[in-house]
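*Asks:* Below: sequence and its predicted model.
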Amino acid sequence: MALSSPETTSLNTAKIPENPSSCSVHLQKLPHLTDYLPNLKPLPNPLEKNSLYHPPAGFYISQSEVVLGQIILDLSADSEAASSPTPQVAYNRAGPRWQVFFEPKDIKAAIVTCGGLCPGMNTVVRELVFGLWEMYGVRQIYGVTAGYRGFYSRDPVELNPKLVHNWHKLGGTSLETSRGGFDLNKIVDGIEHHGFNQVYIIGGDGTMRGAVSIFNEIQRRKLNIAVAGIPKTVDNDIGIIDRSFGFQTAVEMAQQAINAAHVEAESAVNGIGLVKLMGRSTGHIALHATLSSRDVDCCLIPEIEFYLEGEGGLFEFLEKRLKENGHAVLVVAEGVGQNMIPRTEAQKEERDESGNLVFLDSGLWLKSELKNWWTRDHAKELFTVKYIDPTYMIRAVPANATDSIYCTLVAYSAIHGVMAGYTGFVSGLINGNYAYIPVDEVALAKNEVNTKDHKWAWVRSVTNQPDFGKP
Ligand SMILES: Nc1ncnc2c1ncn2[C@@H]1O[C@H](COP(=O)(O)OP(=O)(O)OP(=O)(O)O)[C@@H](O)[C@H]1O
Ligand SMILES: O=P(O)(O)OC[C@H]1O[C@](O)(CO)[C@@H](O)[C@@H]1O
Ligand SMILES: [Mg+2]
């Protein structure tokens, strides 16, 4: 990998070697059914005979095609990477393989949706059904309803293109979803009982941890069943992938709430518009909504520390903004201030069916703190806080055009991977390319906002909010 033009770096003080060490690549191993069922025989891909495809040269993806996990490198001679070069992590590129390990007539596929809603869930299900049916001629496709518990407590629903053709226009998940109900043995027994040999699992971080256990148990039982995950996270809290389908739609929907908060704030004397957006442990939606809106004066996310009172605190900042502009818009993620909001003993313990801590309403808390502050310090002046909580509105909608394309491609990628005999993987977008990632890796990978990165610096520069830091 030689640098094309050393001159271009003349403005930069960093020394760049003429010929930086050729990069070594570490390919993350993808589990395959033949790892534990060595006698399985490959077959030619049925797409060869699909009259709609006529696969051209280069259509099939080879084992050697990879997607790099990191595409930004520091080539300077004194960089850490140059002094101890670690191999680049790479993932298998997603797409059709020329050999498959399933005969279409023998396939019985199951699709399940788990966890909270996200725009595009129905589209992913629709595209799995269409892809399996149209590309590979699969005729036994089932929806497992109500999340993981559906594997053992409900009859699966037969799916076909006619039934699901309109689902991309619907928000939510027509298969229904739930939290909790994860009983590993009952689930794998259910999969065996129904004779499913391809299992597609759509869900968030918890769902992916469940998928790891299901995959491990299937391997332990040496079953010829492939498991593929499709990460769904409106909060964008799953690592490795660029983002989940539905995330951009949610950010777009958040604009409506921010616009309304801005109008309300601007139309009042000392008006504050307060918007709470989803994001339990990560502030990606709040961050992206702030960057795209430009009406936001302050964005608070769980990854930053802040305090309310005193010099350098939130109230001091808002007071300044109110003096300058007469109004201010504040966007907070739901996970913000959870360690500052007073809780009863019962609230400290309260968890949802999946075991996630139930959060208190950060927006309501902030609204009340703002009112107390104003009454205490400026009792005679007018003041208004308009609090908007669009929580479910931003995720209960169908996917926008960009997310719809993502839904289709991520679903097709999953199908191609499973047909090729891969298992225990997820399909996802990495640096703009579809790739296969071992599910155990995804289940552990968090995606928090890096507050030392440019993106957070951009927020600071569009809002001009201070680095609240510590008092
Ligand atoms: N560690 C785990 N092992 C097995 N199953 C799990 C685990 N964590 C969660 N699950 C199961 O996965 C399903 C979904 O989990 P959860 O409710 O946490 O949502 P999620 O998948 O994280 O989605 P989101 O948080 O985006 O709404 C539930 O059925 C839950 O019981
Ligand atoms: O009310 P529910 O369905 O548990 O969902 C709320 C949670 O779901 C999420 O959207 C994640 O899917 C979180 O942001 C939020 O805390
Ligand atoms: Mg989760």
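*Replies:* Done, it's in. Ligands and ions are numbered 1, 2, ... in the order given.

*Asks:* got the residues of this structure near ligand 1?
*Replies:* Applying Cβ under 6 Å from any ligand atom, we find that the chain lies next to ligand 1 at 114-116, 147-148, 179-182, 203-207, 209-210, 213, 233, 354, 356. Glycine gets a C-beta too; all of them are placed from N, C-alpha and C.

*Asks:* In helices only, show me those.
*Replies:* Counting by DSSP state H, these place 205, 206, 207, 209, 210, 213 in helices.

*Asks:* where along the stretch 251-400 of the chain do the strands fall?
*Replies:* Secondary structure of the stretch 251-400 of the chain by DSSP state E, counting those that start in this stretch: the strands cover 271-277, 298-300, 327-333, 384-388.

*Asks:* hmm, back to that, any quick PyMOL command for the buried ones out of the ones in helices among the residues of the chain next to ligand 1?
*Replies:* The command below creates a PyMOL selection of those among those that count as buried (16 or more other Cβ atoms under 10 Å):
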select buried, resi 205+206+207+209+210
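
*Asks:* Name the nearest of the ones in helices among the residues of the chain next to ligand 1 relative to residue 256.
*Replies:* Closest approach to residue 256 among those (Cβ to Cβ): residue 205, at 27.3 Å.

*Asks:* Can you give me the distance of the closest residue to the closest one other than its chain neighbours to residue 159?
*Replies:* In space, and not counting its chain neighbours, residue 205 is closest to residue 238: 5.5 Å by Cβ to Cβ, 6 or more residues apart in numbering. In this view, residue 238 and residue 159 are 26 Å apart by Cβ to Cβ, to the nearest Å.

*Asks:* re earlier: quick one, which of the strands of the stretch 251-400 of the chain is nearest to ligand 3?
*Replies:* Comparison of the strands of the stretch 251-400 of the chain against ligand 3 by Cβ to the ion identifies strand 327-333 as nearest, at 14.3 Å.

*Asks:* a markdown table for the strands of the stretch 251-400 of the chain, including mean pLDDT, distance to residue 256 and mean neighbour count?
*Replies:* Listed next are those as a markdown table, based on pLDDT from 0 to 100; distance: least, Cβ to Cβ, whole Å; neighbours: other Cβ atoms under 10 Å:
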| stretch | mean pLDDT | distance to residue 256 | mean neighbour count |
| --- | --- | --- | --- |
| strand 271-277 | 98 | 10 | 27 |
| strand 298-300 | 98 | 17 | 25 |
| strand 327-333 | 98 | 13 | 27 |
| strand 384-388 | 98 | 9 | 20 |
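
*Asks:* okay, how far is it across stretch 86-96, tip to tip?
*Replies:* 30 Å (Cα to Cα, to the nearest Å).

*Asks:* Just the mean pLDDT for that stretch, thanks.
*Replies:* What stretch 86-96 shows for mean pLDDT is 94.

*Asks:* Name the residues of it that are buried.
*Replies:* Residues 88, 89, 90, 91, 92, 93, 94, 95, 96 are the ones in stretch 86-96 that count as buried (16+ other Cβ under 10 Å).

*Asks:* so which of the residues of the chain next to ligand 1 also contact ligand 2?
*Replies:* 115, 116, 204.

*Asks:* The last one contacts residue 231, correct?
*Replies:* Spelled out, that is residue 204. Yes: using Cβ atoms under 8 Å, residue 204 is in contact with residue 231, at 7.1 Å.

*Asks:* neighbour-wise, which of those two wins?
*Replies:* Taking other Cβ atoms under 10 Å, residue 204 and residue 231 do not tie; residue 231 has more neighbours (32 against 21).

*Asks:* What sits closest to the more buried one if chain neighbours are left out?
*Replies:* Of all residues not flanking residue 231 in the chain, residue 238 sits nearest, at 5.0 Å (Cβ to Cβ, 6+ apart).

*Asks:* just residue 61 next, same as before
*Replies:* residue 95 (3.7 Å).

*Asks:* Just name whatever secondary elements the strand or helix carrying residue 200 is in contact with.
*Replies:* Assignment of secondary structure by DSSP states H and E places residue 200 within strand 198-203. When contacts are defined as 3 or more Cβ pairs under 8 Å, 6 or more residues apart in numbering; DSSP states H and E, strand 198-203 packs onto strand 109-113, helix 121-130, helix 205-220, strand 226-231, helix 401-419.

*Asks:* Now do that strand: everything it contacts.
*Replies:* For strand 198-203, the surrounding residues in contact (Cβ atoms under 8 Å, 6 or more residues apart in numbering) are 102, 107-115, 121, 124-125, 128, 132, 147, 173, 177, 191, 207-208, 210-211, 214, 225-232, 414, 418.

*Asks:* Let me see the contact set for residue 165.
*Replies:* For residue 165, the contact set (Cβ under 8 Å, 6+ apart) comprises residue 126.

*Asks:* Distance check, it against residue 112.
*Replies:* 20 Å.
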